[in-house]
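[1] Please find the sequence and the predicted model below.
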Amino acid sequence: MTSLMPDLFGWKPSKSNKMKWDWVPNSADVDNATSLLMAAAVLEQLGYKNPNLTGGEPEPAPPVNPGVALEQLVRTHLEAQLPMLAPDRHWTVDRGRSIVDYSQYRHLAGVDAAIAGDPNLRITIGTDYLIKPDVLVGIIGTSTPTADPWLHAALACKWTIRSDRVQNIRHENRNMIRHRRGRLPHLVAVTAEPLPSRLASIARGTGEVDVTYHITFEELSAAVAAHGSQRQKDAWNEVTGQGRLRDFRDLTKSLIEW
């Protein structure tokens, strides 16, 4: 297994899907045959035999909520790797913490306090700036205007990519870009989405996301080559060739060099 997170994957029972399989990959869109085929190819490379071909019930069962498990494992991975590879920095890695707790965005706490007692002002201004990214990487001890840690990276962890999730990532990142005071944190997406055209919808360069990292990059590359249509191959070659989609195993090194 080359993936750092094989325990997130597996086969789950399905009553209805495009391939008419009894079991489907837990990262696939059951209404998309290409998604099913490529997700299945990824699973087989990870050592999960296709139960539709072998018969029997697959083991082990995948997590009920792989999205939450992905966030937890990304945090755990970075929390272990960053101090090991860059011990000269004092790293913090958190889940679901508000950006207001970090130096570039501390001023937003004042904005929130100012409008708290005025419902009309609160409706007019909104609270879209009170963002809680899935995983946050901070650095303590840098030269900042406040005593708060510096927000070094904000990671959106999405098990799969759908249009609503893409728009949510872009919306939150636009607000982080707009409201910062100081250097922008590294804005990253992490995913297990098997369909290159959907990966392209978030990975293409538009300014809101620096890089998208895939947790089974090598396996998906092989799956695209074996099962992808020309459209999917073109999308894969575009986003990987431009460096917009990268292997998750490169993330720690990127954060150290950022």
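    Now that the structure is in, tell me what you want to look at. Numbering: from 1, shown residues only.
[2] Was I right to think residue 200 contacts residue 237?
    No. Between residue 200 and residue 237 there is no contact under Cβ atoms under 8 Å: 10.3 Å. Glycine gets a C-beta too; all of them are placed from N, C-alpha and C.
[3] Show me which of the two is the more surrounded one.
    Counted by other Cβ atoms under 10 Å, residue 200 and residue 237 do not tie: residue 200 has more neighbours, with 20 against 13.
[4] Could you check how far residue 13 is from residue 21?
    10 Å (Cβ to Cβ, to the nearest Å).
[5] between the two, which one's more packed in?
    Taking other Cβ under 10 Å, residue 13 and residue 21 do not tie; residue 21 has more neighbours (19 against 12).
[6] Just say helix, strand or coil for that one.
    Counting by DSSP: H, G, I helix; E, B strand; the rest coil, the backbone at residue 21 sits in coil.
[7] and it, backbone torsions?
    phi -90, psi 150 (degrees, to the nearest 10).
[8] Just the pLDDT for it.
    pLDDT recorded at residue 21 is 97.
[9] my read: it touches residue 14, true?
    Yes. Assessed by Cβ under 8 Å, residue 21 is found in contact with residue 14 at 6.3 Å.
[10] domain ranges for the protein?
    For the chain, the structural domains run 6-54, 66-257, going by automatic domain parsing.
[11] per-stretch mean pLDDT over those, give me the minimum one.
    domain 66-257 has the lowest average pLDDT among the domains of the chain, namely a mean of 90.
[12] what about that one, start to end distance?
    29 Å (Cα to Cα, to the nearest Å).
[13] Could you do stretch 57-73 as well?
    Termini of stretch 57-73 sit 26 Å apart (Cα to Cα).
[14] And it, what's buried?
    Neighbour-count burial for stretch 57-73 flags 58, 62-63, 66-67, 69-73 (criterion: 16 or more other Cβ atoms under 10 Å).
[15] Just give me the residue right at the centre of the chain.
    residue 190 (2.2 Å; Cα atoms, centre = their mean).
[16] ok, that residue touching residue 161?
    No. Counting by Cβ under 8 Å, residue 161 is not a contact partner of residue 190; they are 11.0 Å apart.
[17] what about the strands in the protein?
    Taking DSSP state E as the criterion, the chain carries its strands at 11-13, 23-25, 90-95, 135-140, 150-158, 186-191, 211-214, 245-247.
[18] Just list what the fourth one packs against, helices and strands only.
    Contacts of strand 135-140 with other secondary structure elements, assessed using 3 or more Cβ pairs under 8 Å, 6 or more residues apart in numbering; DSSP states H and E, are made with helix 66-85, strand 90-95, strand 150-158.
[19] repeat that for 6 Å
    strand 90-95, strand 150-158 (3 or more Cβ pairs under 6 Å, 6 or more residues apart in numbering; DSSP states H and E).
[20] So for residue 6, which of those sits nearest?
    strand 150-158 (16.6 Å; Cβ to Cβ).
[21] for that closest one, the distance to its chain's centre please.
    9 Å (Cα atoms, centre = their mean, to the nearest Å).
[22] What is the neighbour count of residue 56?
    Other residues close to residue 56 by other Cβ under 10 Å number 8.
[23] still on that earlier bit, now the strands of the chain as CSV including distance to residue 258?
    Shown next, in CSV, are the strands of the chain (distance: least, Cβ to Cβ, whole Å):
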stretch, distance to residue 258
strand 11-13, 36
strand 23-25, 33
strand 90-95, 12
strand 135-140, 9
strand 150-158, 7
strand 186-191, 5
strand 211-214, 10
strand 245-247, 13
